[in-house]
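> need the 3D shape of this:
(chains A, B and C)
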Amino acid sequence: MIASIVDLVLRALIVLAGTALATFALLWHAPGDPAQSIAMARFDALVTDEVIAIVREEVGLDVGFWSAFQSWVRPLLVFDFGNSSVTGREVLPDLLTAISYTVPLALVGLAIGLVVSIPLAFVATKRPGGWLDRLAVAIASLGAAIPAYWLGLLLILIFAVHLAWLPAMGARTPAHAVLPALTLGLGVAASLTRIIRSGILEARAQPFLPAIKRRGVSSKAIGRDHVVPHAAIPVLTVLGLEMAFLLEGAVMVEIIFGRPGLGTFLVTAIEARDFPQVQAVVILTALLFVTVNLVIDVIYRALDPRIGEQDA
Amino acid sequence: MTLSVSGLSAMRSGQTILCPTSLAISPGDRIGLVGASGSGKSTLGHVLVDALRAQSHTVAHVPQSPDEALDPLRSMAFHWREAEQALGLQPGAADQKALFSSLKIEGGDLRKRPWAWSRGMQQRFVIAMALMGVPDLIVLDEPTSALDPVIAAATMGLLDRHLRGSKTAMMLITHDLGLVARRVSQLMVMHEGQIVEHASTKDILERPQSEPSKVLAAHRNWFALPC
Amino acid sequence: MLKVDHVSVKRGASVALKGISLSLDPGKTLAVVGESGAGKSTLIAAILGLLKPSHGSITWAGAPVRSCRPALVMQEPRSAFNPALSLRHSVFETVTAGKLKVQDDRLERLCRGLELYPGLLDRRPSAVSIGQAQRVGILRALIAAPPFVLFDEPLSALDAVTQKHTAKLIADLQDEEGFAALIVTHDLGYAVAHADEIAVLKSGRIDEISTPQVFMASPKSEYCRTLRDAAVALGALEPPV
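Numbering: from 1, shown residues only, chains lettered A, B, ... in the order given. I've put the predicted structure just below:
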């Protein structure tokens, strides 16, 4: 068990290193001169070549790819994210403020997703192929097909414009979070419903269930002790992927609803080619991903130790 | 008390796979249910167990392979406790120690999950679970075909010894007359969803009446081949 | 003839076969028996050249075994065929791919010997019985008249009656065609009834090679006696007199 956790952590480190390198390379090689973008963002105006040269030197873009990469990565190892190239302010406090808006939104979205999808999936699998099941599958497919920005606008149109029940823009009160969280949560619910449903159906087809039933075990106990653990394995896998959807969705939703948060933070930073800010977001997101997947892997191994053995 | 059922039948996708069948089994009976593959013998085993259970007899069923009897995510101890609860026994009420030693699996680690045990031991564990609570009937469906011959022979030997003198009746389902010839006192021969012959083992081996019985008896072992 | 000379095969860190030596003459049958994990399937893979021995050599008449185009009959009759193709297509796949010559009446003769009516070959694997599928597997192995055929548990998916029937058909064909047969099986009854020699494999080594008569009456090793007694207890063998 300990050996396999060490193995997982090592893999996580490789993923993080790859992410850092890829982000830096993409920003570096993106079309246009980064120094010019930074200077323009900094002074909010067209700037002369001399100013661009000064900015280039100041930000450390004049030393070549690998040296610049190294001088950026080294402080990261002690969690020093540096200062913004544009504002000169420290990256970390601004980033934490952005996170304090985004993470609650994502978690509420996930909670809505789970609260909707689990009962829906259970109802659907009561009678597979029945009208309830087909209805649930149809809703789930529809939900998965609708992109977040479209659903967000639809919700704004219904609840903010026509009914005027909820505010649409900003983040001043908790009520402002309802529509964004719903937009996120319904998207999550759609894909989770399908996965939980097929997970349950697959778990019910396990070859040993008839024998356990014949042993006299009640269907309730079979559901609880044998079906749920088997169904949980594919659901866990998807939950890990769902985290990606949540973050990506949160970024989109924040922009639609004009909320501060990681999305706004990232878009501004990319437009300005603010290397330290972009990289801080990407690295933090990657770290979050790796941690979530690490936790899921550990849960996997506790559920079914064979999973770890096959890896080795 | 004699176990008796009548009118057992089964259909699958519009086809009859088991014609209406009635059976009576006395305590301590040793019955072989034989027939070619697809003759409906496994189905009869299943519906027989379900019907007797509905009459609140205790009946146990041992499937062909331990994969069809044990959940790979659950420990052996969990399976045991679950089976005890299903019989309405208190935890630890079944004489696990005696059953395990008579089936020679006392060395197995109950905290482990099934796949950490060898297949032979898994199968004997399943048989031990089936025997807990002294059932009126134990139905074994090809219990040895997924095992190595040495392990299979040992398992059958241990089961024979355990059942000797017990009032538990046994039904052994197999396509191989050789396997049951020396283990059961009466044979039922199945063919296309019907019991075509039911007689003592000796009679069917020596004087088979129906055509399917004649074929089975002629192919009983590798040296009894009709040339 | 097949000659396996002091062959060892490593699988990962462990040694799957340890110093195996055996030989097989044309027209003869060698049965390889032993428990699961004893190395039976590894031996087949090594003979077919799919695994490279770490030590020793395997030859057919002095040349690599592959050069004689050996044939293999597999354990699971249905999954041995492409379910989307007709059986006829599967049977002739190797013939067309290898541009091999097949005598005109050969298919007909083999079908007669295996009790397959020719129309059956136009069906898909799922539309024939499991016993028929296994016989088509044997037909496919023999269509190009190989001098050497390997059988990997050829009867284990069949029921008792079909097993004995198929075994008889294999034996009759062998008499006619004269191929050498290496049969891997865990069914001692089959080995004793049909093989000229029985090789008992245990944990990657050959425990004993003997004729069926010797194996039944007076096996030398303890393990062979255990195997024989198990087969007797399971009713696959008549008790030795």
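
> which residue does chain B have closest to chain C?
B:Gly178 (3.1 Å; Cβ to the nearest Cβ). No exception for glycine: its C-beta is placed from N, CA and C like everyone else's.

> what's the distance between the helix or strand where that residue lies and the middle of its chain?
Here B:Gly178, judged by DSSP states H and E, is contained in helix B:177-181. Helix B:177-181 has its C-alpha centroid displaced from the chain centroid by 13 Å (Cα atoms, centre = their mean, to the nearest Å).

> quick one: list the elements packing against it.
Helix B:177-181 is packed against strand B:30-34, strand B:169-174, helix B:201-206, with contacts defined by 3 or more Cβ pairs under 8 Å, 6 or more residues apart in numbering or on different chains; DSSP states H and E.

> tell me, how many residues neighbour the residue of chain B closest to chain C?
By the criterion of other Cβ atoms under 10 Å in any protein chain shown, B:Gly178 has 21 neighbours.

> again, but for the one 4 residues further on
B:Arg182 has 14 neighbours, counted by other Cβ under 10 Å.

> torsion angles phi and psi at it?
Phi and psi for B:Arg182, reported as degrees, to the nearest 10, are phi -100, psi 10.

> three-state assignment of the residue nearest to it when sequence neighbours are not counted?
Nearest non-adjacent residue to B:Arg182, counting by Cβ to Cβ, 6 or more residues apart in numbering or on different chains: C:Gly235, 6.4 Å away. Look at C:Gly235: counting by DSSP: H, G, I helix; E, B strand; the rest coil, its state is coil.

> the one 5 residues further on now?
The three-state label given to C:Pro240 by three-state DSSP is coil.

> flag every buried residue along the longest helix seen in chain A.
In chain A, assigned by DSSP state H, the helix with the most residues is helix A:91-126. For helix A:91-126, a neighbour-count test (16 or more other Cβ atoms under 10 Å in any protein chain shown) marks A:91-92, A:94-95, A:98-99, A:101-103, A:105-106, A:108-110, A:112-114, A:116-117, A:120-121, A:123-125 as buried.

> which neighbouring elements make contact with it?
Partner elements for helix A:91-126 (3+ Cβ pairs under 8 Å, 6+ apart): helix A:131-145, helix A:178-204, helix A:228-256, helix A:262-271, helix A:275-303.

> just read off the phi/psi values of C:Gln207.
Not quite, residue C:207 is Asp, not Gln. phi -80, psi -40.

> phi, psi for the most centrally placed residue in chain C please.
What sits nearest the mean C-alpha location of chain C, by Cα atoms, centre = their mean, is C:Phe151, with 1.6 Å. With angles defined as degrees, to the nearest 10, C:Phe151 shows backbone torsions of phi -120, psi 120.

> same question, the one 5 residues further on
Main-chain torsions, C:Ser156, degrees, to the nearest 10: phi -70, psi -20.

> quick one: whichever residue of chain C sits closest to chain B from chain A, how far?
Closest residue of chain C to chain B, Cβ to the nearest Cβ: C:Gly235 (3.1 Å). Taking Cβ to the nearest Cβ, to the nearest Å as the measure, C:Gly235 falls 26 Å from chain A.

> is it true that that residue touches B:Asn221?
Yes: with contact defined as Cβ atoms under 8 Å, C:Gly235 reaches B:Asn221; the gap is 6.4 Å.

> which residues do the two both contact?
B:Gly178 (Cβ atoms under 8 Å, 6 or more residues apart in numbering or on different chains).

> in the longest helix anywhere in chain C, what counts as buried?
For chain C, the longest helix by residue count, based on DSSP H, is helix C:160-177. Neighbour counts using 16+ other Cβ under 10 Å place C:160-167, C:169-170, C:173-174, C:177 of helix C:160-177 among the buried residues.

> what packs against that helix?
Counting contacts by 3+ Cβ pairs under 8 Å, 6+ apart, helix C:160-177 is packed against helix B:211-218, helix C:106-113, helix C:130-142, helix C:188-194.

> next structured bit after it?
strand C:180-184.

> for chain C, which spans come out with low pLDDT?
Along chain C, segments meeting pLDDT under 70 span C:241.

> domain assignment for it?
C:1-70+C:146-241, C:80-145 (automatic domain parsing).

> end to end, how far does the last one reach?
So the one you mean is domain C:80-145. With Cα to Cα, to the nearest Å as the measure, domain C:80-145 spans 20 Å from end to end.

> pull the distance from it to the chain's centre.
What separates the centre of domain C:80-145 from the centre of its chain is 17 Å, taken as Cα atoms, centre = their mean.

> the first one too?
For domain C:1-70+C:146-241, the distance from its own C-alpha centre to the chain's C-alpha centre is 7 Å (Cα atoms, centre = their mean).
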